[in-house]
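# I would like the atomic coordinates for the input below:
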Amino acid sequence: MIDSGETVLVVEDEAPMRKFLRAALSTHGFAVTEAATIAAAEHLATETRPAAILLDLGLPDGDGLVFLAHLRGWSTTPVIVLSARDREDDKVSALDAGADDYLTKPFSVGELLARIRVALRHARATVTTDEPVRAIGPIRIDLARHEVTVDAQDIHLTPIEFRLLCALARQPGRVLTHRQLLTEVWGPNAVEQTHYLRVHMAAMRRKVEKDPARPQWLLTEAGVGYRLRDA
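As a prediction, the model looks like this:
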């Protein structure tokens with residue numbers, strides 16, 4: 001049982017799903033507030049300042065991405081999209097709009113709670129661009145020296161590979177879309193060049209992973225992007 005006492009805002013227009021989520025979250029120590037519309041969600045997000053938001057996209061007064069766009073104008077609260085839409089384009093759109101994660105219905109309570117834990121850990125993290133060293137699992141990144149070790153063994157990364165690993169390490173556990181990574185590492189003119197990512201990710205896995213064919217840390221979200229596993 002998670003005894004967090006933190007508030008989760010559930011934005012969902014279907015009453016049975018709200019009931020299911022309320023029961024699952026309450027059982028694990030979360031306080032729950034609920035909204036069935038974008039208007040109600042915006043009010044509650046402002047008034048209650050939840051620790052995390054679970055967001056359905058199909059709402060009666062508009063698309064949930066509208067709410068997400070407004071929210072990102074003033075808040076970094078973690079948002080996990082819960083949607084029956086399972087097309088890659090929908091996932092990419094939600095993540096590009098600022099969602100922290102995307103879970104397709106139906107899903108298990110265990111998976112939902114795991115995603116919430118990752119989102120909350122990310123939100124609590126105090127990692128800044130000035131932090132000299134980041135360590136995630138066996139991977140240790142020395143930002144000042146531009147050095148990477150895996151299980152205490154020095155790994156030589158190219159400058160692009162190093163920037164790519166740093167981008168993923170700043171948000172461990174979170175899926176970064178192809179567009180987000182291409183923009184950050186190569187710039188806005190490269191957003192269509194997804195082959196850049198495939199080539200450099202494959203090269204980096206050969207250096208970082210024990211078995212590059214079965215990566216344990218540098219993970220692919222098919223058709224969406226990549227994430228660095230949160231240890």
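
# Please count neighbours and contacts with C-alpha atoms only from this point.
Fine.

# how close does the residue lying closest to Glu6 once chain neighbours are set aside get to Arg72?
Of all residues not flanking Glu6 in the chain, Phe30 sits nearest, at 5.3 Å (C-alpha to C-alpha, 6 or more residues apart in numbering). Distance, Phe30 to Arg72, by C-alpha to C-alpha, to the nearest Å: 23 Å.

# which parts of the helix or strand containing Arg18 are buried?
Secondary-structure assignment from DSSP states H and E places Arg18 in helix 15-27. The neighbour-count check on helix 15-27 (16 or more other C-alpha atoms under 10 Å) flags 18, 21-22, 24-26 as buried.

# any idea which helix or strand comes after that helix?
strand 31-35.

# helices or strands up against the helix holding Arg18?
strand 31-35 (3 or more C-alpha pairs under 8 Å, 6 or more residues apart in numbering; DSSP states H and E).

# quick one: the strand it packs on to helix 15-27, angle?
Calculated by axes from the mean of the first three to the mean of the last three C-alpha atoms, to 10 degrees, strand 31-35 forms an angle of 160 degrees with helix 15-27.

# For strand 31-35, which outside residues touch it?
5-13, 18, 22, 25-26, 41, 44 (C-alpha atoms under 8 Å, 6 or more residues apart in numbering).

# Try it again at 7 Å.
The set of residues external to strand 31-35 that reach it, using C-alpha atoms under 7 Å, 6 or more residues apart in numbering, is 5-12, 22, 26, 41.

# ok, of these, which one's closest to Thr149?
Proximity of the contacts of strand 31-35 to Thr149 (C-alpha to C-alpha) peaks at Glu6, which lies at 36.0 Å.

# Pull the contacting residues for the residue most central in space within the chain.
Of all residues in the chain, the one closest to the mean position by C-alpha atoms, centre = their mean is Arg174, 2.8 Å from it. Counting by C-alpha under 7 Å, 6+ apart, Arg174 touches 100-101, 227.

# which intervals of the chain have sub-threshold pLDDT?
1-4, 125-131, 231 (pLDDT under 70).

# hmm, back to that, by neighbour count, which of the contacts of strand 31-35 wins?
Counting neighbours by other C-alpha atoms under 10 Å, Val11 leads the contacts of strand 31-35 with 28 neighbours.

# Could you give the backbone dihedrals for that one?
Main-chain dihedrals, Val11, degrees, to the nearest 10: phi -110, psi 100.

# Ala97 now?
Dihedral angles (degrees, to the nearest 10) for Ala97: phi -80, psi -10.

# That one and Phe67 touch, don't they?
No. Between Ala97 and Phe67 there is no contact under C-alpha atoms under 7 Å: 10.3 Å.
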